[in-house]
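**Q** here is my input, please return the structure:
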Amino acid sequence: LTVICSHLLGCPPRFDEFCGRNMAATEAKKGGYTYWKRDIDDGHVLPDNRPVKMDAGAAAQAELPKTDSVGSSWNSAGTWEEKDMSVPARAELEKILNDESFALLETESGRVNGCKASVTGDSQAYHIRGRPRLGFEFKVKLSWKGKFDGEEVSGELEVQDLDSSDLDGFDIRIKPAGDASKKAAEALKKGSRPAIKKAAELLTQRLLSR
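**A** Have a look, this model is predicted:
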């Protein structure tokens with residue numbers, strides 16, 4: 001409009017002034033929406049809002065979901081949430097049962113430990129009114145070995161229905177590896193029940209604390 005009016009009035013603008021104004025506008029656009037900071041005397045005291053590029057490692061870590069955590073990072077309000085925890089729950093229970101410091105049976109007659117534990121089944125985590133809870137229905141198979149009445153003993157143990165809603169109602173099947181292990185197997189039928197229940201409680205405690 002300035003150019004048209006100037007021509008009508010017979011006073012065309014200087015070409016270098018016209019180009020200068022357009023170049024200034026172009027540079028301002030290139031500078032982003034905070035270009036106005038550079039046009040005031042105290043612009044240097046304002047915070048720098050330019051984007052900062054993240055390195056590849058930090059970006060990958062920020063995008064990596066916590067698959068073994070009960071709650072989601074977005075659910076800060078603790079509203080209802082349900083999450084599949086089958087994989088980490090099975091792995092954690094196997095780890096507990098295979099730990100040498102975790103005894104299936106420990107009496108004056110001897111000590112028996114579990115090994116080669118295998119867990120199948122499903123597990124779900126729930127957030128209900130800000131309180132996390134863990135539910136599961138598992139089938140557990142493991143080998144056991146140790147010393148009982150001065151003899152080396154071993155065998156197999158199976159829990160068909162390890163249910164978080166009834167940790168006192170599961171059945172245990174014990175199979176000794178030989179005659180020398182029969183006494184240990186009989187002792188495990190009752191003696192291993194508290195240990196299996198404790199393992200399930202440890203599982204819940206560990207997963208809910210993550």
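**Q** show me what residue 147 bridges to in the sheet.
**A** According to DSSP bridges, the partner residues bridging residue 147 are residue 111, residue 152.
**Q** got the contact list for the residue nearest to residue 90 when sequence neighbours are not counted?
**A** The shortest distance from residue 90 to any residue other than its chain neighbours is 4.3 Å, reached at residue 119 (CB to CB, 6 or more residues apart in numbering). C-beta: built from backbone N, CA, C; applies to glycine. Counting by CB atoms under 8 Å, 6 or more residues apart in numbering, residue 119 touches 90, 93, 94, 97, 138, 139, 140.
**Q** only whichever of those are buried, select them in PyMOL.
**A** To isolate the buried members of the contacts of residue 119 in PyMOL, using 16 or more other CB atoms under 10 Å:
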select buried, resi 90+93+94+97+138+140
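**Q** now, which of the contacts of residue 119 sits nearest residue 152?
**A** Among those, residue 97 lies closest to residue 152 (CB to CB), at 20.3 Å.
**Q** hmm, back to that, would you list the contacts of residue 119 in TSV and tack on secondary structure, pLDDT and distance to residue 164?
**A** Converted to TSV, those look like this (DSSP: H, G, I helix; E, B strand; the rest coil; pLDDT from 0 to 100; distance: CB to CB, whole Å):
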residue	secondary structure	pLDDT	distance to residue 164
90	helix	98	13
93	helix	98	11
94	helix	98	16
97	helix	97	16
138	strand	98	9
139	strand	98	13
140	strand	98	13
